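> based on what follows, work out the 3D shape:
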Amino acid sequence: MNTATAHIPALILCGGTGSRLQPVVSDVPKALATVAGKPVIHRIFDHLIANGIEECVLCTGYMGAMIQKTIGNRYEGLRIMYSHETSPLGTGGAVKKAVEDLSLAACLVINGDTLFDYDVREFIEWSVRSEAVATILLTALDDAQDYGLVVTDDAHRVLSFQEKPTQPTAGLVNTGVYYFQAVALDDFLSGSTLSMETDILPSLVNGRLYASIVSGAFQDIGTPGRFEAANKLHESEKG
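The predicted model follows:
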């Protein structure tokens, strides 16, 4: 990774209760759920390491002590830090807290329940070149009914976020991967409960949020059905 991006940490959001997944994963937090025999967080770490990321911050909440005890402060060559919320702050609030606690100027943000094969270097470098205060990574799905749609213009600016369509619809979806400059969060109060999807991102749809559109294998493990599908996919890859 070049000098412009070498020291940008990855913030991984893994503080949620994972209520939708609890019927099949109830004894550990989502980050420690195993996909084809390997914890999902380790799969995310492997991807980050392969792309030159040197440090990450786990934004923990629910079962945070278990996550920290299990993972520790290093995974292979990856340095691991923690930003723990004692009461739920939401996905946006967790990012705001970590950015302030660690005095970060910029960071990569990743959902801790999503596996996605994308070029981290390329996304960060594109984000830096764009000079946007925030960028979002999108991918095209033939059926975006479970995720909702993101509308962009020809200049890669995000114009709007649309609700989940009521019928199978092709379109661009949010992969849960973002690049933020700290200034993008300045308008929000510290310690506030904030949602990335309903508070942070919509506030930036005024020319400050840009989108990078890529293709790749995208697996959200947040529901029993998607968790099962991810397990089957990775089991088949092992063979």
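> the protein: helices as residue ranges?
Here the chain has its helices, by DSSP state H, at 40-50, 64-71, 90-101, 120-130, 201-203, 224-238.
> wait, isn't Gly92 in contact with Phe188?
Yes. Contact criterion Cβ atoms under 8 Å: Gly92 and Phe188 qualify, at 7.2 Å. All C-beta spots, glycine's among them, are computed from the backbone N, C-alpha and C.
> neighbour count winner among those two?
Using other Cβ atoms under 10 Å as the criterion, Gly92 and Phe188 rank with Gly92 on top: 23 against 16.
> from Thr114, how far off is that one?
17 Å (Cβ to Cβ, to the nearest Å).
> kindly report the same for Asp186.
Taken as Cβ to Cβ, the span from Asp186 to Thr114 is 27 Å.
> likewise Gly93?
Counting by Cβ to Cβ, the gap from Gly93 to Thr114 is 19 Å.
> quick one on the thing from earlier: overlap in contacts of Gly92 and Phe188?
194, 199-200 (Cβ atoms under 8 Å, 6 or more residues apart in numbering).
> which one of those residues is nearest Tyr178?
Tyr178 lies nearest to Ile200 out of those, by Cβ to Cβ, at 8.8 Å.
> who has more neighbours, Gly93 and Thr114?
Higher neighbour count among Gly93 and Thr114: Gly93, with 27 against 20, using other Cβ under 10 Å.
> wait, that one touches Thr193, no?
Yes. Applying Cβ under 8 Å, one finds Gly93 in contact with Thr193, separated by 5.2 Å.
> check contacts around the nearest residue to Gln162 once chain neighbours are set aside.
Spatial nearest neighbour of Gln162, chain neighbours left out: Leu149 (4.3 Å); criterion: Cβ to Cβ, 6 or more residues apart in numbering. By Cβ under 8 Å, 6+ apart, the contact list for Leu149 reads 161-162, 165, 169, 171-173.
> hmm, try it at 10 Å
Contacts for Leu149 were tallied using Cβ atoms under 10 Å, 6 or more residues apart in numbering; they are 138, 141, 160-165, 169-174.
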